[in-house]
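> My questions are about this predicted structure, shown below with the sequence.
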Amino acid sequence: MELIITEKDNAARRIADILSGGTYDSSRENGVNVYEWGGKRCVGLSGHVVGVDFPSEYSDWRDVEPVELIDASVEKTATKENIVATLRLLSRRAQRVTIATDYDREGELIGKEAYDIVRNVDEDVPIRRVRFSSITENEVQSAFDEPDELDFDLAAAGEARQIIDLIWGAALTRFLSLSAGQLGNDFISVGRVQSPTLKLIVDREREIEAFDPEDYWELFANLQKDETSFEAQYFYRDEDDNEAERVWDEATADEVYETLADRDAATVVDVNRRTRTDSPPTPFNTTQFIRAASAIGYSAKRAMSIAEDLYTAGYMTYPRTDNTVYPDDLDPEELLGEFVDHPTLGDSAESLLEADEIVPTEGDEETTDHPPIHPTGEIPSRGDISDDEWEIYELVVRRFYATVADAAVWEHLKVVAEVDDYRLKSNGKRLVEAGYHDVYPYFSTTENYVPDVDEGEELALSDVELEAKETQPPRRYGQSRLIETMEDLGIGTKSTRHDILEKLYDRGYVESDPPRPTRLAMAVVEAAEDYADRIVSEEMTAQLEADMDAIASGEATLDDVTDDSREMLEDIFANLGDSRDEIGDHLRKSLKDDKRLGPCPECGEDLLVRRSRHGSYFIGCDGYPDCENTLPLPSTGKPLILEEECEDHGLNEVKMLAGRQTFVHGCPLCKAEDAGEGPVLGECPDCGDEHGGELAVKTLQSGSRLVGCTRYPDCEYSLPLPRRGDIEVTDEHCEEHELPEIVVHSGDEPWELGCPICNYQEFQARESETGSDLEALEGVGAKTVEKLADAGIEDLDDLTEADPDAIASDVEGVSADRIRSWQAKA
DNA sequence: GCAAGGTC
């Protein structure tokens, strides 16, 4: 029996399909899929199934000096025990083992991990390695026809990275955490990738804080030919003979303004017309995909999570790739053909197929790991996936369209007109050939109309305006810009960059979007800059990459590289020794700064955002236990302290971050003072008859509102009200419940909530209509739930127990892969 | 309870 090992289940199944010609059987072993046919078995790992760590005697942070970790041994332990067990079991029965992990450095290391597990069971079984860059019939067949050996040097390069990352990360993380007394969940982390990324954000914030705005002026005017007028802007030649629009001196600006405003015509002195080719974009790699998704409103994390689902379901290729060159065996015409006749994606495909020749664009990066992200040709039905998933799917399809579409052509028209020595310019642009924009509507194609004019022509001049402006500080990095910058600097990988950003949020280093650093983040970066500059610089990765190349080519060994690295860290700890308290004090102070709202009205100490033992947030006084003053916070979301201060109390306002339900809570002290009963609406349906209770609009101390009985707590009848907006009680009454109708004013459109009882009943009805817990799964809509129910799958339990292939054949439009992905999530 | 890298 031959055992074939891949990096992931998906790859295992596709390879089994190719090599068996579709005749494989699948079974499960310890919860791991095994594909079997004609004397062969294929099993997929789940990336790394073993990980590096220190021996257990090093695990108590307080018992071990961080510096001791530098020379501690590093062990490998199984992290996916069921997979390791399955691998052991299958290798016992194997006469030959073939490692078919991804074709990149990390894939080689993952292959080496599998190799070690197999070797442990059987010292003699032949183990070989196959390499292919995409799982297609041709590539896989020829890889298996010409098997190779595992590259132990390349795997060792990856191992060196693991060891160095662990030692540096763990030793410095523990040092900072211990110095500030931050143990448990709130430890203070540093690492080779997260810290340089954090420094990018912190450096930008420093620029913003240090920014000193400068005044300047810009001048605009209208030019007119016949009936058409168009805007022109004043410009001059600066000392480098470049065109400049900003005037830095007010007297000059006034002088230009006076002259222009005084005149009613300008003479055309230059007309420049040129056409520009606007080439179609290159295929999606992970970073460019995240960037495009972010332009249509998806966070990096959300975009990747949706892409992962679409990949698992078989609708698009692997979402983690650096490659921007389609492989030779991608046939664009065939793939376009799959979309012909599709109700919304078909027209574009058909128009593209009309071209004489189809040549896809290529990016600069051609790698061996995976193809660029593109649709597979299996098309989801619109009702099978959520709106968000469809939007991302369509983006991927249309990007593929764009890469095989024609270039667009723009016509630019620049007109320069003169008034005395002053010049005005106007830039027009017109899209002459839409080209790829027709199939890829995500880029702006805004035109700017400037009429045809001739040199020497007189144009009417009017509406001269002088605008006083000031220079703006640089903008914060957005998430996708950060990921691009990380890629440019060579830090992190396609699979980890977005996770690293999430990590910065989790650690309390950044808040909000675009990410803004906390005082803690500033202090961590400062401490690292002072004592361990290497960990916050991208140089560490650059050096590591060079060292890994040396190991891979046999010029250095794993021990050479890790020993050097250990020595460097020893030096850092030697310098760090005496400064522990100083660093700790600074970190602690910054942590407090991040939680401070302002002075306590009762004792003058600081009011801080705190967390109760149950995990809920509240505001407490730093003077506790002497001062027991507290204020409540709403129960949904994570508090973010805003820069705005309340005029009455001098406290910072608070915003509650809760994804789409994020809202500004305001000053917690004002909220507490506003607490109490508002207008009475009518009789309480529960106790009105018997005890005379009445319903009133109430505001709780936490700021949330409801309609409740005036006899609370004797009567607990209550109805929900929205968190945001001003509540207006109208004169209209509900006939059934005799309560006034309510209108909520927030944003542009007032919301007519109506009678609070009717509103609540409608809400409950909606809840029960779509009551199946299957809907909790991402990408499962009401329609799919219905279809599944017809096939006898009514809830999550039914789903997990069912056979994916059987459901797939029963339920139209649901693939076995998607069911497997749901099962995994359930 | 440390990192970063795979993958789910």
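Structure received.
> any idea of the pLDDT on the nearest residue in space to residue A:606 that is not next to it in sequence?
Using C-beta to C-beta, 6 or more residues apart in numbering and skipping the chain neighbours, the partner closest in space to residue A:606 is residue A:622 (4.3 Å). All C-beta atoms are positioned from the backbone trio N, CA, C, and that covers glycine. Looking at residue A:622, its pLDDT reads 89.
> Tell me who's in contact with residue A:559.
Residue A:559 makes no contacts at all, as judged by C-beta atoms under 8 Å, 6 or more residues apart in numbering.
> What distance do you get for the residue nearest to residue A:606 to residue A:629?
Using C-beta to C-beta, to the nearest Å, we find residue A:622 at a distance of 10 Å from residue A:629.
> got any residues that touch both of these two?
A:600, A:607.
> returning to that earlier point: from memory the residue nearest to residue A:606 sits against residue A:605, does it?
Yes - look at residue A:622 against residue A:605 with C-beta atoms under 8 Å: they come within range, at 4.5 Å.
> Nearest residue to the middle of chain A?
residue A:300 (1.6 Å; C-alpha atoms, centre = their mean).
> Which residue is the nearest non-sequential neighbour of that residue?
Nearest to residue A:300 is residue A:498, by C-beta to C-beta, 6+ apart, at 4.0 Å.
> got a list of what the one you found touches?
A:290, A:300-301, A:303-304, A:479, A:483.
> circling back to that earlier point, what separation is there between the residue nearest to residue A:606 and residue A:650?
Distance from residue A:622 to residue A:650, by C-beta to C-beta: 15 Å.
> Give me the more crowded residue out of those two.
Neighbour comparison, residue A:622 and residue A:650: the larger count goes to residue A:622, with 17 against 13 (by other C-beta atoms under 10 Å).
> how close does the more buried one sit to residue A:218?
49 Å.
> ditto for residue A:753
The gap separating residue A:753 from residue A:218 is 47 Å, by C-beta to C-beta.
> Flag the shaky bits of chain A, pLDDT-wise.
For chain A, applying pLDDT under 70 flags the ranges A:659-660, A:701-704, A:723-724, A:747-749, A:763-826.
> Quick check: what element follows the longest helix that chain A contains along the chain?
In terms of residue count, the longest helix belonging to chain A (DSSP state H) is helix A:152-180. Next helix or strand after helix A:152-180 toward the C-terminus (DSSP states H and E): helix A:194-210.
> got the contact list for the helix or strand that that following helix is followed by?
Once the chain leaves helix A:194-210, the next helix or strand it forms, by DSSP H and E, is strand A:215-225. Residues outside strand A:215-225 that contact it (C-beta under 8 Å, 6+ apart): A:229-234, A:245-248, A:250, A:253, A:256-257, A:260, A:266, A:415, A:417, A:424, A:426, A:451, A:453, A:457, A:459-471.
> if we go to 7 Å?
Here strand A:215-225 makes contact (C-beta atoms under 7 Å, 6 or more residues apart in numbering) with A:229-234, A:245-248, A:250, A:253, A:256-257, A:260, A:266, A:417, A:424, A:426, A:451, A:453, A:459-471.
> from these, which ones fall inside helices?
A:250, A:253, A:256-257, A:260.
> okay, now residue A:136: neighbour count?
16.
> same check, this time on residue A:260
Neighbour tally, residue A:260, other C-beta under 10 Å: 21.
> From residue A:623, how far out is it?
Applying C-beta to C-beta to residue A:260 and residue A:623 gives a distance of 64 Å.
> Residue A:646 and residue A:664 touch, don't they?
No - contact criterion C-beta atoms under 7 Å: residue A:646 and residue A:664 do not qualify, at 11.9 Å.
> shared neighbours, these two?
With C-beta under 7 Å, 6+ apart, residue A:646 and residue A:664 have common neighbours residue A:653.
> centre of the chain versus stretch A:449-459, how much separation?
Averaging C-alpha positions (C-alpha atoms, centre = their mean, to the nearest Å) puts stretch A:449-459 48 Å from its chain's average.
> in what helix or strand does residue A:401 lie?
helix A:387-403.
> And the contacts of that helix?
A:280-284, A:292-293, A:296, A:298, A:303, A:306-307, A:309-310, A:315-316, A:345, A:348-349, A:352, A:360-361, A:373-375, A:380, A:382, A:385, A:436, A:439-440, A:779.
> filter the residues you listed to the buried ones?
For the contacts of helix A:387-403, a neighbour count by 16 or more other C-beta atoms under 10 Å gives the buried set as A:280-284, A:292-293, A:298, A:303, A:306-307, A:309-310, A:315-316, A:345, A:348-349, A:352, A:360-361, A:373-375, A:380, A:385, A:436, A:439-440, A:779.
> and those residues, which of them are in helices?
Checked against DSSP H, these include these in helices: A:292-293, A:303, A:306-307, A:309-310, A:348-349, A:352.
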